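Engineer: sharing a model that was predicted from the sequence below.
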Amino acid sequence: MKEPMLRILSVFVVALCYAVLPVLPAAAELPEKAISRTHDEAALSWGPCPPIFPSGCQVAVLHGDPAVGRSDVFLRVPGGDTLAPHWHTSAEHMVLVAGELQVTYKGQPAVTLRPGSYAYGPANAPHNALCVGPIVCVLFIAFESPIDAEAFSGGLE
């Protein structure tokens, strides 16, 4: 190969590296590690629910930061307890993990969730829930934005 052609090829390779390197992930930007949790594992850190709920209600954060943005949680409600009418500014995606939970959204008939049931609650939609029977209810909830729970004083009919 002639020297001028080798020089042009070298410059091309160096320029290509400078063009491609910024789009490659840096070592410090490795993706998050995958996680797996079960509702009954001892390592979960359970804390109290907001004060509008019964004292036995507990929540465990699984992923994300509930104060900042999207997060996933387990919600645990003792058998027979009711979550008073409330609403959230975030939509919620739910899967019942344990127990039997009756959920009522304003203007809609009550729905009974059983383990494996999926439910979607729109943002700002007033609702309540009753953990039916003696078995503790555990609900997985994925919130789309920071978590809040505001009391709702109107009727749900």
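Structural biologist: Yep, that arrived.
Engineer: tell me where the chain has helices.
Structural biologist: All helices of the chain, identified by DSSP state H, fall at 3-20.
Engineer: show me where pLDDT drops low in it?
Structural biologist: Under the criterion pLDDT under 70, the flagged ranges of the chain are 1-28, 30.
Engineer: do a quick rundown of the strands in this protein.
Structural biologist: Assigned by DSSP state E, the strands in the chain fall at 46-48, 58-64, 71-77, 82-87, 92-98, 101-105, 111-113, 118-121, 127-131, 137-143, 150-151.
Engineer: now the angle from the fifth one to strand 127-131?
Structural biologist: Angle between the axes of strand 92-98 and strand 127-131 is 10 degrees (criterion: axes from the mean of the first three to the mean of the last three CA atoms, to 10 degrees).
Engineer: pull the CA atoms of strand 92-98 into PDB?
Structural biologist: Taking Å, rounded to 0.1, in the frame of the first residue of the first chain, the C-alpha atoms of strand 92-98 are listed here in PDB:
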ATOM      1  CA  GLU A  92     -51.500   2.300  39.200                       C
ATOM      2  CA  HIS A  93     -51.000  -1.200  37.700                       C
ATOM      3  CA  MET A  94     -51.800  -3.900  40.100                       C
ATOM      4  CA  VAL A  95     -51.600  -7.700  40.500                       C
ATOM      5  CA  LEU A  96     -53.000  -9.400  43.500                       C
ATOM      6  CA  VAL A  97     -50.400 -11.800  45.000                       C
ATOM      7  CA  ALA A  98     -52.200 -13.200  48.000                       C
END
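Engineer: ok now that strand, how far from the chain's centre?
Structural biologist: 10 Å (CA atoms, centre = their mean, to the nearest Å).
Engineer: coming back round to it: closest one to residue 37 among the strands of the chain?
Structural biologist: Across those, residue 37 has its closest neighbour in strand 58-64 (5.2 Å, CB to CB). Placement of C-beta: from N, CA and C, glycine included.
Engineer: what pairs with the closest one, and is each one parallel or antiparallel?
Structural biologist: strand 46-48 (antiparallel), strand 71-77 (antiparallel) (DSSP bridges).
Engineer: among the strands of the chain, which comes closest to residue 29?
Structural biologist: strand 58-64 (18.5 Å).
Engineer: what are the buried residues along the closest one?
Structural biologist: 58-62, 64 (16 or more other CB atoms under 10 Å).
Engineer: that older thread, just say which of the strands paired with strand 58-64 is most tucked in.
Structural biologist: Stretch with highest mean neighbour count among these: strand 71-77 (a mean of 21; mean count of other CB atoms under 10 Å).
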